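Undergrad: using only what follows, build the 3D model:
(chains A and B)
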Amino acid sequence: MRKAIWTAVVGAVALAVTMAAASASTLSDVKKKGYVQCGVNTGLAGFAAPDDKGNWKGFDVDFCRAVAAAIFGDGSKVKFTPLGAKERFTALQSGEVDLLARNTTWTETRDTELGLNFAGVNYYDGQGFMINAKKLPGVNSALQLSGASICVQTGTTTELNLADYFKSHHMQYNPVVFEKFEEANAAYDSGRCDVYTTDQSGLYAIRLTLKNPDDHVVLPEIISKEPLGPAVRQGDDQWFDLVKWTLNAMIIAEELGITQSNVDQMKKSDNPEIRRILGQDPNSHYGRDLGIGEDWVVNIVKAVGNYGESFERNLGQGSPLKIKRGLNQLWSKGGILYAPPIR
Amino acid sequence: MVSQQNGRASVFYDPKIRGIFFQAVLFAALAVFVSWIAGNTIANLRRAHIASGFGFLNSRAGFDVSNALIPYSSDSTIARALLVGLLNTLLVAAAGIVTATAIGFLVGIGRLARNWLVRQICTIYIEIFRNIPPLLVIFFWYMGVLSVLPLPRNSIKFPFDMYLNSRGFYMPAPVLGEGAWVTGAAFMTGIILAFVSASWARRRQMATGRRPSVLWVAIALIVGLPLAAFALTGFPLSLDVPKASVFNLTGGIQVKPEFLSLYLALSFYTAAFIAEIVRAGILGVNRGQTEAAYSLGLKPGPTLRLVIVPQALRIIVPPLTSQYLNLTKNTSLAVAVGYADLVAIGGTILNQTGQAVEIVAIWMVVYLGISLVVSVLMNWFNAKTALKEK
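TA: Numbers count the residues shown, from 1 in each chain, chains lettered A, B, ... in the order given. Down below sits the predicted model:
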């Protein structure tokens, strides 16, 4: 009888342990279940927010769709998990999402201690401050903010930069810390804080949601580097490569002038580089090396367009945000966007 | 079956041994399960390349906390940040327990009042607050009451330099001068002497049957002695008055809306439950007890104090303990309004360091510890008020 119990216990434990150790290849898991599970923001206009019909829209959402398109040839084979700043890393680490595209800053700690890999930078941002110019007419620089109450979201690099900035300038402030940025927005809008701080792109997006957007101004100072990018778990290089090259392909497509509308004509281009990337050269096999089909770049561009198209549609002139390309312009046009070649 | 031939039951059917056997099996299964969970967690963390261990507690925190009770800056350690959070949790829990108990007793007694209006008001109060989730009560105070207050430059002024605005409640802070400790010492001496005189009065009553009145002596000792010391040392106290600056009022004591809303909400919410417990306790004492006390010649005051309340407490204290524990645990709702309690600060650390397992373990151990301390104190109090049979 004892022996029977032990056999059962050992068997159950062995089973549980093997179950826990499964899922080494994210790509084959994704192919098996038929969709990419993508972690996005809970609702930041321009980056990830559901529209009035419940469809997710935004720059980060586009990136998720691009990865899905590269794998399945269909940008709709993606499910979104809205994540707060606090639970985003745990969700990725635990395997709840396959990919985190949630305007997340690439830092050393996150890259090492948190066990993440950043697949590149899809938006070069920097932290800024927003104030209500109507209530504080004399303030036009962050250096005048000593003594202010500042609304900030917890668990962000923002919170740490804020502490460093005020300390290095010998200024005082009262942090009012919220877990969700919706709560921080509401507190700032109701006058609980004098200042709102987050990445500048976020400030512009949040300003649109305030009661009187025109009363608020973003101060000129940028106090940090915030390279935002998609992240995956460590220990799965195949998946890491796929996500990394999806981003690079979007940037290269813009460099080569491949757009959503001309991608099919571009297949017949004389330019060998374009033909190669679009899978028209029988001797190249970039798709196979990544574990997907050879028409992966075609599918990405068909689904979401190139980097520039996605940017303008969600953040730039085609959106209410009207953010300028700035640093996020191609290296050849005065920005710092630079992708390694597909070769 | 050898044992049956000997006229004794088989060891296998001995209920005692069987009981021990099954307990041992259960314990072993539990031990295996716990060690498997632990092993699996460690293996998974290692597989995901996530650092683990409690070494991060000694590293620099890097973030600021606005309402720290102890000196704290972004240069302090993470352990100190957690301590700041723990103290904030204890502060709001302690303040909440005191206020909830006071309101609860008043409303509970009010529900039994002879006055119809008082009775109805107390009933409505209980039914409203008991049936709304505490989180909504917190939001009600934070968004409905405190955030619609005017901005600092249009503060509502109260006498004695007190102000109320959307950033909180401001009042002057006492600044102790040289020799202020003499007043404090005189106050403590006054309290001790008042106790001594009360016990002398009790001994006189036991010896002579008459209780000398020492009320005025006690008041003179507790109030007069420190006042005299205060005057003799030359009034060593000044006030730090809140003044308007560019953004906020500065100086004085500031009670932030985050604390106020949490404290008020938890107090009002828990008070509704305590009121019902108090009512049940008082109703639980047999009417005959009052009549017996009256027939022995006791006046209504001493009847309540010496006969009714001690018996009612026996009924009140055990469920009251649960309410205190509930209030303490509900303080973790602080995170919704941005009050820097243990959960909020732990959450920040969790996100900045990624040490999820460790932080959750710390949370659980600390809340368990607080709850056990409250339980032990209340059980001690319960044992004191329990019926002692001689």
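Undergrad: helices of the stretch 201-343 of chain A, start to end?
TA: For the stretch 201-343 of chain A, applying DSSP state H, counting those that start in this stretch gives helices covering A:237-255, A:263-266, A:272-277, A:286-290, A:296-304, A:307-314.
Undergrad: correction: the stretch 51-200 of chain A
TA: A:59-72, A:88-93, A:108-112, A:157-168, A:181-189, A:200-209.
Undergrad: equivalent analysis for chain B, please.
TA: B:2-5, B:15-47, B:78-110, B:116-130, B:134-139, B:180-208, B:215-219, B:225-232, B:257-283, B:287-295, B:300-302, B:309-330, B:342-353, B:356-385 (DSSP state H).
Undergrad: quick one: closest of those to A:N122.
TA: Distance to A:N122, taken as Cβ to Cβ, is lowest for helix B:342-353 among the helices of chain B, at 21.3 Å. For every residue, glycine as well, the C-beta is placed using N, CA and C.
Undergrad: circling back: any chance of the helices of chain B in JSON lines, plus mean pLDDT?
TA: Formatted as JSON lines, these follow (pLDDT from 0 to 100):
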{"stretch": "helix B:2-5", "mean pLDDT": "49"}
{"stretch": "helix B:15-47", "mean pLDDT": "88"}
{"stretch": "helix B:78-110", "mean pLDDT": "94"}
{"stretch": "helix B:116-130", "mean pLDDT": "94"}
{"stretch": "helix B:134-139", "mean pLDDT": "91"}
{"stretch": "helix B:180-208", "mean pLDDT": "86"}
{"stretch": "helix B:215-219", "mean pLDDT": "84"}
{"stretch": "helix B:225-232", "mean pLDDT": "84"}
{"stretch": "helix B:257-283", "mean pLDDT": "93"}
{"stretch": "helix B:287-295", "mean pLDDT": "90"}
{"stretch": "helix B:300-302", "mean pLDDT": "81"}
{"stretch": "helix B:309-330", "mean pLDDT": "90"}
{"stretch": "helix B:342-353", "mean pLDDT": "88"}
{"stretch": "helix B:356-385", "mean pLDDT": "90"}
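Undergrad: and those as TSV, adding mean neighbour count?
TA: TSV is the format used below for the helices of chain B (neighbours: other Cβ atoms under 10 Å in any protein chain shown):
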stretch	mean neighbour count
helix B:2-5	9
helix B:15-47	12
helix B:78-110	20
helix B:116-130	14
helix B:134-139	18
helix B:180-208	14
helix B:215-219	13
helix B:225-232	16
helix B:257-283	23
helix B:287-295	12
helix B:300-302	10
helix B:309-330	18
helix B:342-353	25
helix B:356-385	15
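Undergrad: go through those helices and name the closest to A:G279.
TA: helix B:15-47 (35.1 Å).
Undergrad: what sits against whatever residue of chain A ends up closest to chain B?
TA: Nearest to chain B in chain A, going by Cβ to the nearest Cβ, is A:G155, at a distance of 2.8 Å. For A:G155, the contacting residues are A:A85, A:K86, A:E179, B:G347, B:T348, B:L350, B:N351, B:Q352, by Cβ atoms under 8 Å, 6 or more residues apart in numbering or on different chains.
Undergrad: ok, now A:D51?
TA: Here A:D51 is in contact with A:K57 (Cβ under 8 Å, 6+ apart).
Undergrad: hmm, back to that, would a markdown table of the helices of chain B with distance to A:T209 be doable?
TA: Formatted as a markdown table, the helices of chain B follow (distance: least, Cβ to Cβ, whole Å):
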| stretch | distance to A:T209 |
| --- | --- |
| helix B:2-5 | 81 |
| helix B:15-47 | 38 |
| helix B:78-110 | 30 |
| helix B:116-130 | 33 |
| helix B:134-139 | 19 |
| helix B:180-208 | 51 |
| helix B:215-219 | 59 |
| helix B:225-232 | 55 |
| helix B:257-283 | 22 |
| helix B:287-295 | 62 |
| helix B:300-302 | 61 |
| helix B:309-330 | 31 |
| helix B:342-353 | 24 |
| helix B:356-385 | 31 |
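Undergrad: out of these, flag the one nearest chain A.
TA: That would be helix B:342-353 among the helices of chain B, by Cβ to the nearest Cβ, at 2.8 Å.
Undergrad: report all helices and strands that that closest one contacts.
TA: Helix B:342-353 sits against helix A:157-168, helix B:78-110, helix B:356-385, with contacts defined as 3 or more Cβ pairs under 8 Å, 6 or more residues apart in numbering or on different chains; DSSP states H and E.
Undergrad: next, format the ones you listed as CSV and append distance to B:F235.
TA: Shown next, in CSV, are the helices and strands packed on helix B:342-353 (distance: least, Cβ to Cβ, whole Å):
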stretch, distance to B:F235
helix A:157-168, 38
helix B:78-110, 30
helix B:356-385, 39
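Undergrad: tell me which of these lies nearest to A:V97.
TA: helix B:356-385 (15.4 Å).
Undergrad: wait, does the closest one contact chain A?
TA: Yes: shown here: helix B:356-385 in contact with chain A (Cβ under 8 Å from any Cβ of the partner chain) through B:A356.
Undergrad: that older thread, for the helices of the stretch 201-343 of chain A, which one sits closest to B:P212?
TA: Here helix A:307-314 is closest among those (Cβ to Cβ), at 85.1 Å.
Undergrad: list the buried residues in the closest one.
TA: Buried residues in helix A:307-314, counted by 16 or more other Cβ atoms under 10 Å in any protein chain shown: A:Y307, A:G308, A:E309, A:S310, A:F311, A:R313, A:N314.
Undergrad: dump those residues into TSV; add pLDDT and distance to chain B as well.
TA: Putting these into TSV (pLDDT from 0 to 100; distance: Cβ to the nearest Cβ, whole Å) gives the following:
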residue	pLDDT	distance to chain B
A:Y307	97	29
A:G308	96	33
A:E309	96	33
A:S310	97	28
A:F311	96	28
A:R313	95	31
A:N314	95	26
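Undergrad: follow-up on the earlier one: and the residue of chain A closest to chain B, how far from B:N379?
TA: 38 Å (Cβ to Cβ, to the nearest Å).
Undergrad: look at A:P220 and say how many residues are nearby.
TA: For A:P220, the neighbour count with other Cβ atoms under 10 Å in any protein chain shown is 10.
Undergrad: next one: B:R114
TA: 6.
Undergrad: I'd like the contacts of A:G155 laid out as TSV, including distance to B:G168.
TA: Shown next, in TSV, are these (distance: Cβ to Cβ, whole Å):
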residue	distance to B:G168
A:A85	26
A:K86	26
A:E179	20
B:G347	23
B:T348	21
B:L350	27
B:N351	26
B:Q352	27
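Undergrad: of all those, which two lie farthest apart?
TA: Across the contacts of A:G155 (Cβ to Cβ), the longest gap, 13.6 Å, separates A:E179 and B:Q352.
Undergrad: can you list the domain ranges for chain A.
TA: Domain assignment for chain A by automatic domain parsing gives A:26-124+A:228-333, A:127-224.
Undergrad: for B:I219, find the nearest of the ones you listed.
TA: domain A:127-224 (41.8 Å).
Undergrad: ok, the closest residue to A:I150 other than its chain neighbours - contacts?
TA: Of all residues not flanking A:I150 in the chain, A:V195 sits nearest, at 4.5 Å (Cβ to Cβ, 6 or more residues apart in numbering or on different chains). The neighbours of A:V195, taking Cβ under 8 Å, 6+ apart as the test, are A:F129, A:M130, A:I131, A:L145, A:A148, A:S149, A:I150, A:C151, A:Y173, A:Y188.
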